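# Coordinates only, no sequence provided:
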Ligand code: ARG
């Protein structure tokens, strides 16, 4: 037998492989709540506009509530023969309430229906991600506040560059994640227009009220062009693009955790809660959660790429290609929903080894820039010349196997006679970070102020 929903002009059933490639129920079943919310808003509007009777609309709404409960409790088998969530819900509704169910699809198509469902789903997912980002930022800012004055090496090219504080380093990620949150919320604001009532592509001849369904579903307004309403998937692409950037930031932090927890760095440890052992090497404590956060960026960037390729060159309006939007979107959103709380957990758990970090910060002549700056400030030397003089002092220190502050004054004076004992005040890593008071610099007082300002903002979010 042909399809119950659209089989009128078909004489025979679909080939088995056609049914298999066509069915989306295995993955779009997770839209059932959004689908039912959309249908209820649509039915109520149809009644308000005199297209359905009040009784019909009430019957439909009560039936839809029951379908929702049945799906939530896994009480009826969703059928692949009915292709997708939209037709499964409607078919079950017909079983429950009879012919009135058939009136629900008046002035609507699956094309505007699926676009509505997916916008609602992604809107919720974006809100959940934003809340997770806030939790992660809070964990970072708390740890930063506690370690605002703990010195660690700052790197460029992964070579020791200048001392910074651990708190300052963590606060860098608070800033990045704030922009990520902003990008997701921008996507949310742009996607919050309603496609419902665009029908198949051209609009409808029924006297519907699209503003009413838009507002019932929490949308800001109905989309202004019916072709655009059913064809647009930029809201998914934008979400995945912003999600990719977020995942990149998470992967950078994950990589730093992996490095910090290595024996070679020894900057931090994760407890048993966020590590695993090796089945052969008894000494091992592997930072698997960080590694997996680092790795998952591939799925998310891949999802963005996959959907971009689906949409590229598609003529207006709906094409079945667009059914391929859901799996990448769900996969990416699921991955982010795991990565964010895993990262928050790791940040809470992470114990910095402040001794080790301080020692590492003092190695590698990390205060050479402070020495050059002192020459500029105390002697009025041009910076380029100061750089050169400092370079000679560093070479001397290196030849003697000494830290900069251990080079005797007389030997520094042999290179630049005007150097005084005052120079030793700037050569320690503590003095170096304390001096970086410029706006956005690593001075502990700056970091403390930034962390506490952020903690206040985050508490209000
Ligand atoms: N399952 C479809 C999708 O996800 C729903 C829309 C189908 N529309 C259609 N005219 N066949 O895209």
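Nice, thanks for sending it over. Just so it is clear, the model here is predicted, and its values are computed rather than measured. Numbers count the residues shown, from 1 in each chain.
# Just the strands from the chain, written as ranges.
Listed in chain order, the strands of the chain (DSSP state E) span 151-156, 159-165, 193-194, 221-222, 268-269, 351-352.
# Give me the helices and strands touching the second one, please.
Counting contacts by 3 or more C-beta pairs under 8 Å, 6 or more residues apart in numbering; DSSP states H and E, the secondary-structure elements packed against strand 159-165 are strand 151-156, helix 354-362, helix 429-435. (Glycine included, C-beta is placed from N, CA and C.)
# Let's have the ones you listed in TSV, adding distance to the ligand, mean pLDDT and mean neighbour count.
Converted to TSV, the helices and strands packed on strand 159-165 look like this (distance: least, C-beta to the nearest ligand atom, whole Å; pLDDT from 0 to 100; neighbours: other C-beta atoms under 10 Å):
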stretch	distance to the ligand	mean pLDDT	mean neighbour count
strand 151-156	47	97	20
helix 354-362	52	95	18
helix 429-435	55	93	21
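# need those in TSV with distance to residue 324, can you?
Formatted as TSV, the entries for the helices and strands packed on strand 159-165 read as follows, by distance: least, C-beta to C-beta, whole Å:
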stretch	distance to residue 324
strand 151-156	42
helix 354-362	48
helix 429-435	52
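# Tell me which of these lies nearest to residue 114.
Put simply, out of the helices and strands packed on strand 159-165 the one that sits nearest residue 114 is strand 151-156, at 48.2 Å, with distance taken as C-beta to C-beta.
# neighbouring strands for that closest one, and are they parallel or not?
For strand 151-156, the paired strands and their directions (DSSP bridges) are strand 159-165 (antiparallel).
# Touching, residue 40 and residue 61? I think so.
Yes. Counting by C-beta atoms under 8 Å, residue 40 does reach residue 61; the two are 5.3 Å apart.
# Spell out the residue ranges of the helices in the stretch 101-250 of the chain.
If DSSP state H, counting those that start in this stretch is used as the criterion, the helices of the stretch 101-250 of the chain fall at 110-146, 166-191, 210-216, 226-231, 234-260.
# Could I get the ones you listed in JSON lines, plus columns for mean neighbour count and mean pLDDT?
Rendered in JSON lines, the data for the helices of the stretch 101-250 of the chain read as follows (neighbours: other C-beta atoms under 10 Å; pLDDT from 0 to 100):
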{"stretch": "helix 110-146", "mean neighbour count": "22", "mean pLDDT": "98"}
{"stretch": "helix 166-191", "mean neighbour count": "20", "mean pLDDT": "98"}
{"stretch": "helix 210-216", "mean neighbour count": "20", "mean pLDDT": "98"}
{"stretch": "helix 226-231", "mean neighbour count": "21", "mean pLDDT": "98"}
{"stretch": "helix 234-260", "mean neighbour count": "21", "mean pLDDT": "98"}
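# Serialize those to TSV and add fields for distance to residue 319.
Output for the helices of the stretch 101-250 of the chain, formatted as TSV (distance: least, C-beta to C-beta, whole Å):
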stretch	distance to residue 319
helix 110-146	10
helix 166-191	20
helix 210-216	23
helix 226-231	9
helix 234-260	15
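# Of those, which is nearest the ligand?
Smallest distance to the ligand across the helices of the stretch 101-250 of the chain (C-beta to the nearest ligand atom): 3.8 Å, for helix 110-146.
# quick one: that closest one near the ligand?
Yes. Applying C-beta under 6 Å from any ligand atom, one finds that helix 110-146 is in contact with the ligand at 110-111, 114.
# Between the residues you listed, which sits nearest residue 298?
For residue 298, the closest of the residues of helix 110-146 next to the ligand turns out to be residue 114, at 27.5 Å, with distances computed as C-beta to C-beta.
# Give me the spatial nearest neighbour of the closest one, chain neighbours excluded.
Sequence neighbours aside, residue 86 is the residue nearest to residue 114 in space, at 6.7 Å (criterion: C-beta to C-beta, 6 or more residues apart in numbering).
# again, but for residue 3
Closest residue to residue 3 apart from its sequence neighbours, by C-beta to C-beta, 6+ apart: residue 10 at 6.8 Å.
# Can you get me a residue count around residue 209?
Applying the criterion other C-beta atoms under 10 Å, we find 16 residues in the vicinity of residue 209.
# Check whether it really touches residue 49, as I assumed.
Yes. Here residue 209 reaches residue 49: they are 5.6 Å apart, a contact under C-beta under 8 Å.
# what's around the residue lying closest to residue 322 once chain neighbours are set aside, how many residues?
Setting aside the residues directly before and after it, residue 322 is nearest to residue 233 in space (C-beta to C-beta, 6+ apart), at 6.2 Å. The burial count assigned to residue 233 is 19, neighbours taken as other C-beta under 10 Å.
# Could you check how far residue 233 is from the ligand?
Using C-beta to the nearest ligand atom, to the nearest Å, one obtains 10 Å as the distance from residue 233 to the ligand.
# ok, that residue touching residue 307?
Yes. Assessed by C-beta under 8 Å, residue 233 is found in contact with residue 307 at 6.9 Å.
# joint contacts of the two?
With contacts defined as C-beta atoms under 8 Å, 6 or more residues apart in numbering, the residues adjacent to both residue 233 and residue 307 are residue 325.
# and residue 198, what does it touch?
109, 111-112, 115, 223, 226-227, 229-230.
# What of residue 23?
Shown in contact with residue 23 (C-beta under 8 Å, 6+ apart): 80, 83-84.
# out of those, which one sits closest to residue 413?
If you rank those by distance to residue 413 using C-beta to C-beta, residue 84 comes first, at 82.5 Å.
# To what extent is that closest one buried, counted in neighbours?
By other C-beta under 10 Å, the burial measure for residue 84, its neighbour count, is 26.
# what's the distance between it and the ligand?
Counting by C-beta to the nearest ligand atom, the gap between residue 84 and the ligand amounts to 4 Å.
# doesn't residue 102 make contact with residue 60?
No. In this structure, residue 60 sits apart from residue 102 without contact. The criterion is C-beta under 8 Å, and the distance is 10.1 Å.
# Identify the residue nearest whichever residue of the stretch 151-300 of the chain sits closest to the ligand in space, chain neighbours excluded?
Scanning the stretch 151-300 of the chain for proximity to the ligand using C-beta to the nearest ligand atom identifies residue 200 as nearest, at 7.0 Å. Excluding the flanking residues, the one nearest residue 200 by C-beta to C-beta, 6+ apart is residue 109, at 3.9 Å.
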